[in-house]
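Colleague: Mind looking at a prediction? Sequence and model below.
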Amino acid sequence: MLTDKMIRELKPRERGEYMVCDGQGLYIRVAPSGRKSWLYRRQGKGSAKVQTLGVWPAMSVYAARLARDKLADKSAHAAGQLVTFRALAERYLDADPRRIATAASVARLEHWLERFIYPEIGDADVTTITAPRVYHLAAAIEQAGRVHTAHRVVGLIGQVLRYGIPLDLVPQGDITRDLRDALGSSPTVSRAHLERPADVGELMRRIESLGWCIKSAGLRLLAYTFVRPGELRGATWDEIDLDGAVWRIPAERMKMRRPHIVPLARQTVELLRNLHDGLSAGSPYVLHGVRSLLHQISKTLLIKTLRVLGYPPAEMSAHGFRATASTLLNEAGWPPDAIEAQLAHSVGGTVRAVYNHAQYLPIRRVMMQWYADYLDALRDGRPAPPVDKNLKSM
């Protein structure tokens, strides 16, 4: 499949025009003048029929694929062919990868499709899918004790159907909107975490006992910064300003799709400098994989390390460092909005969220240093560092 970068690099040829295939009958045609246009080539009776769709970049790759799909589906309906839910779902996943956050997200959606959806409605004509049929599918998942998954599956079916509406494939619209109150309430998932200061101190001592290695460095970074595990795994050196003591995570790597700033405590800066000059020297990643400097650490490495340290899944998780920080900081009296901003949680509307993130940056710098000092104090059995009362009331 073509990308905008690939198309941009296509050069005109003096001998004449040429075409490059994107897939499923869609081509980009490059003229000697440099003009690049989209063509849809479909097989008709006797010979192929070619139709011009638009000119790149005025018509983007995504728009060209939508136009191609719409023409293909009209042709299929005219020929009496069915468009199945499976075909529409696969087209939805392929159409615009930017809509789906990460490769892990795509894998999760594909798992739900294969496990729960395709066996029930995969081969059904999308025009025949009804709310009762989807409810029956979701209710079976709910009865198996997977209420959260049932809600996510219904949401995925709705996404696929909504994708098909502008293609004129789903005349009944998004029938999943009628199921919002039909299923049980989705439970709030609480990640396993430690809350007692004494237990947190013991955790920090066990991490320290690992010595200097990628695993201990990763767990200490999770503790000091309390970012999401995925945000830490994908961290690259070009995101981090060690002299300015700040880590800027770009929007595309954040769950809420907003850039995030992580002020770095002295301990964190020292840890990162040691990684940069030692264990991770020559790697673009802060935490590189076991077998290659060019890959980030695996999704399970830090989780497995917690198990080795004696923490079962019900007691502590990699994501649990965030809940631990929230608990300890709130108990110490730091402003809740500053804590939520540092956790990159959405507070109110988008405008208010951006305002809060900017407003609390100075206090977040002080708070992050206090929290790193507090973790070290708990590890060493020392009293907690004091908190300026004026800061606590801001």
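Modeller: Received it, and whenever you're ready, just let me know what you need.
Colleague: For the stretch 101-250 of the chain, which segments count as strands?
Modeller: With DSSP state E, counting those that start in this stretch as the criterion, the stretch 101-250 of the chain has strands at 240-241, 246-249.
Colleague: and residue 68, which of these is closest to it?
Modeller: Nearest to residue 68, of all the strands of the stretch 101-250 of the chain, is strand 246-249, at 35.7 Å by Cβ to Cβ. All C-beta spots, glycine's among them, are computed from the backbone N, C-alpha and C.
Colleague: For the closest one, enumerate the helices and strands it packs against.
Modeller: strand 240-241, strand 260-263 (3 or more Cβ pairs under 8 Å, 6 or more residues apart in numbering; DSSP states H and E).
Colleague: who's in contact with stretch 56-67?
Modeller: The contact list for stretch 56-67 (Cβ atoms under 8 Å, 6 or more residues apart in numbering) reads 2-4, 7, 22, 26, 28, 36-38, 40, 53-54, 94-96, 166-167.
Colleague: Please read the previous query as pertaining to stretch 313-333.
Modeller: Contacts for stretch 313-333 (Cβ under 8 Å, 6+ apart): 190-195, 197, 200, 203, 222-223, 226-229, 302-303, 306-307, 336, 339, 343, 367, 370-371, 374, 384, 387, 392.
Colleague: How far does the longest helix anywhere in the chain sit from its chain's centre?
Modeller: Using DSSP state H to define each element, the chain has its longest helix at helix 361-380. How far helix 361-380 lies from its chain's middle: 28 Å, per Cα atoms, centre = their mean, to the nearest Å.
Colleague: what helices or strands is that helix leaning on?
Modeller: Here helix 361-380 touches helix 197-208, helix 214-225, strand 260-263, helix 266-277, helix 320-332, helix 336-342, helix 389-392, going by 3+ Cβ pairs under 8 Å, 6+ apart.
Colleague: Which one, of those, ends up nearest to residue 184?
Modeller: That would be helix 320-332 among these, by Cβ to Cβ, at 24.5 Å.
Colleague: Send me the closest one as CSV with only the CA atoms.
Modeller: Extracted C-alpha coordinates of helix 320-332, given in CSV (Å, rounded to 0.1, in the frame of the first residue of the first chain):
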residue,chain,number,x,y,z
GLY,A,320,0.2,0.3,39.0
PHE,A,321,3.0,2.8,39.5
ARG,A,322,0.6,5.5,38.3
ALA,A,323,-2.1,4.6,40.9
THR,A,324,0.6,4.4,43.6
ALA,A,325,1.8,7.9,42.7
SER,A,326,-1.7,9.3,42.7
THR,A,327,-2.4,7.8,46.1
LEU,A,328,0.8,9.0,47.7
LEU,A,329,0.6,12.5,46.2
ASN,A,330,-3.0,13.0,47.1
GLU,A,331,-2.3,11.9,50.7
ALA,A,332,0.6,14.4,50.9
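Colleague: buried sites along it?
Modeller: 320-329, 332 (16 or more other Cβ atoms under 10 Å).
Colleague: ok, now stretch 247-263?
Modeller: For stretch 247-263, by 16+ other Cβ under 10 Å, it's 247, 249, 253-254, 260-263.
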